[in-house]
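Q: got a predicted model here, sequence first, then my questions.
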Amino acid sequence: MPRRTKIVATLGPATDGPQVLDRLIAAGVDVVRLNLSHDRHERHRERVVAVRAAAAAAGRDLALLVDLQGPKIRIGRFVDGAVRLREGATFTIDAACPLDGGDGQRVGTTYAALAGDVAPGDVLILDDGALELTVTAVADTAIHCQVTLGGVLSDHKGINKRGGGLSAPALTAKDLADIRFAADIAADYLAVSFVRGAADVHQARAILTAAGGQGGIVAKIERAEALAAADEIIAAADAIMIARGDLGVEIGDAELPAVQKDLVHRARSLNAVVITATQMMQSMIEHPVPTRAEVFDVANAVLDGTDAVMLSAETSVGAWPVKAVAAMDRICREAEKHALATRSHHRLDSVFGRVDEAIAMAAMYTANHLGVTGIAALTESGATVKWMSRISSGIPIYALTRHIATRRKVTLFRGVHPVSFDVATTDIHAVNREVIEELLRQGTVRDGDLVLITKGDRSGVEGQTNILKIMRVGEHALLADD
């Protein structure tokens, strides 16, 4: 059986070597990510050309996800190198301090408005939680603090506020240029960092569309305030990414597991796609095997119902990028064998507002209760298979479409596998036979298998799925009519 949970792998220096992309694809990558926090556009463009060529050579459709940097709120540099902050000592973050003029008493910041976002009693977290400062006073641009969790502080470390509330906009001037770049390289997905609400998603989509881009929007949930607006963000976006680094810093690591489970459940309930990300197999940056804790982390995300699990530094700069993908593939496959990954009570009491949505739900209910080997969905936009993929099941869904953009898009959907297919006839019975013949060529079915087919009686028209048929491979007669 094909793996249902999708793997997102970040490209970088570690994937630039000869044949590494070929081996990554063979190991099971479904989506490649460009992290625009690093490298120039020219380097990323070279990677896009390389990965498209490698995917074509392997006969695979891979989605391209471009990840925006967003507002990076950081401290400046220290004149004499890293400083040690001891618990109980005082320390000041001051936007008026030169960015390269920090010392053991104060340091500058890249975010000039920081002092306006904090008040005495607030907790500032530096270096992804390694140090904590409690604000004691704010005077003009200076934030005076007491060190409550000490340690070594070096240049350019990030600043978060416990509980959220920093007012920096989600899109920076750099992001606007990067969105135009994403449109130029025909990115399939655009990930927007530090989303606060639906307005940030709508703004990014409008800019991408104006630049000629057609990709979906992935809203990264990494601000505490995004949790309160989670439903509106999910409704506005095509997918969400649970970015557990900054989110864990802002809400506290103890709260993160329950929040992750809730976000996965919410996204699937609202028919959105969800990616679980950040440090999933962090130890594999240096080691060829994951820790047991990392195995549990990936498996639990699969059991929760995530569409995709993501590798960041593990593949972009790690020593073992191919092994990291192979290990994640192995863990996902084993987790998917568990009943928790195949049983669903999704939307059993819902009333459906569209015919194609109702067909998708009926197809999954039928497939899960009839012993169907596979579901073949003829689709234009991918909407039908997206609805299907919200239902937990062990049955593969094959998205048959002539559109390469749709094939790439559906690679992010759990349990959905793209198939290049162009309807060559208006005879609906001939179409059914062609579908079965294609699945036989792919080696995904064999004689005697039951296959469920969904399609529209108006071929090539988006949103017209209104037919559900059940066929047995090797027999011309239908087991069920329209």
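A: Arrived safely, thanks for sending.

Q: tell me which residues in stretch 289-309 are buried?
A: By neighbour count on 16 or more other C-beta atoms under 10 Å, the buried set for stretch 289-309 is 290, 294-295, 297-309. The C-beta positions use only the backbone N, C-alpha and C, and glycine is treated the same way.

Q: I should have written stretch 99-111 there, sorry.
A: 99, 102, 106, 107, 108, 109, 110, 111.

Q: any idea how far apart the tips of it sit?
A: Using C-alpha to C-alpha, to the nearest Å, one end of stretch 99-111 lies 11 Å from the other.

Q: do the same with stretch 53-65
A: End-to-end for stretch 53-65, by C-alpha to C-alpha: 16 Å.

Q: list the contacts of residue 120.
A: By C-beta atoms under 8 Å, 6 or more residues apart in numbering, residue 120 lies in contact with 135, 136, 137, 138.

Q: tell me which of those is nearest to residue 420?
A: In terms of C-beta to C-beta, no member of the contacts of residue 120 lies closer to residue 420 than residue 135, at 57.4 Å.

Q: isn't the closest one up against residue 115?
A: No - at 9.6 Å, residue 135 does not count as touching residue 115 under the criterion of C-beta atoms under 8 Å.

Q: show me whatever sits in contact with both of those two.
A: Counting by C-beta under 8 Å, 6+ apart, the common neighbours of residue 135 and residue 115 are residue 143.

Q: tell me how far residue 361 lies from residue 80.
A: Per C-beta to C-beta, to the nearest Å, residue 361 is found 64 Å from residue 80.

Q: can you pick out the residue with more neighbours from those two?
A: Remark: of residue 361 and residue 80, residue 361 carries more neighbours, 19 against 8, as counted by other C-beta atoms under 10 Å.

Q: which SS state does the spatially most central residue of the chain fall under?
A: Centroid-nearest residue in the chain, with C-alpha atoms, centre = their mean: residue 275, separated by 3.5 Å. Secondary structure state of residue 275, per DSSP: H, G, I helix; E, B strand; the rest coil, is strand.

Q: which ones are touching it?
A: Going by C-beta under 8 Å, 6+ apart, residue 275 touches 8, 218, 239, 240, 241, 242, 306, 307, 308, 309, 310, 412.

Q: the fifth one reaches residue 217, doesn't it?
A: I take that to be residue 241. No - taking contacts as C-beta under 8 Å, residue 241 lies outside contact range of residue 217: 10.7 Å.

Q: and those two? which has more neighbours close in?
A: For residue 241 versus residue 217, the count of surrounding residues by other C-beta under 10 Å is larger for residue 241: 29 against 22.

Q: just put the contacts of residue 275 in JSON lines and tack on distance to residue 357.
A: Below are the contacts of residue 275 laid out as JSON lines (distance: C-beta to C-beta, whole Å):
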{"residue": "8", "distance to residue 357": "27"}
{"residue": "218", "distance to residue 357": "22"}
{"residue": "239", "distance to residue 357": "18"}
{"residue": "240", "distance to residue 357": "20"}
{"residue": "241", "distance to residue 357": "25"}
{"residue": "242", "distance to residue 357": "26"}
{"residue": "306", "distance to residue 357": "22"}
{"residue": "307", "distance to residue 357": "18"}
{"residue": "308", "distance to residue 357": "23"}
{"residue": "309", "distance to residue 357": "27"}
{"residue": "310", "distance to residue 357": "28"}
{"residue": "412", "distance to residue 357": "19"}
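
Q: with pLDDT added, can I get those in TSV?
A: Shown next, in TSV, are the contacts of residue 275 (pLDDT from 0 to 100):
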residue	pLDDT
8	98
218	98
239	98
240	98
241	98
242	98
306	97
307	97
308	98
309	98
310	98
412	97
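
Q: out of those, who's nearest residue 123?
A: residue 242 (22.6 Å).

Q: what's the burial count for the closest one?
A: For residue 242, the neighbour count with other C-beta under 10 Å is 25.

Q: identify the bridge partners of it.
A: Under the criterion DSSP bridges, residue 242 forms beta bridges with residue 221, residue 276.
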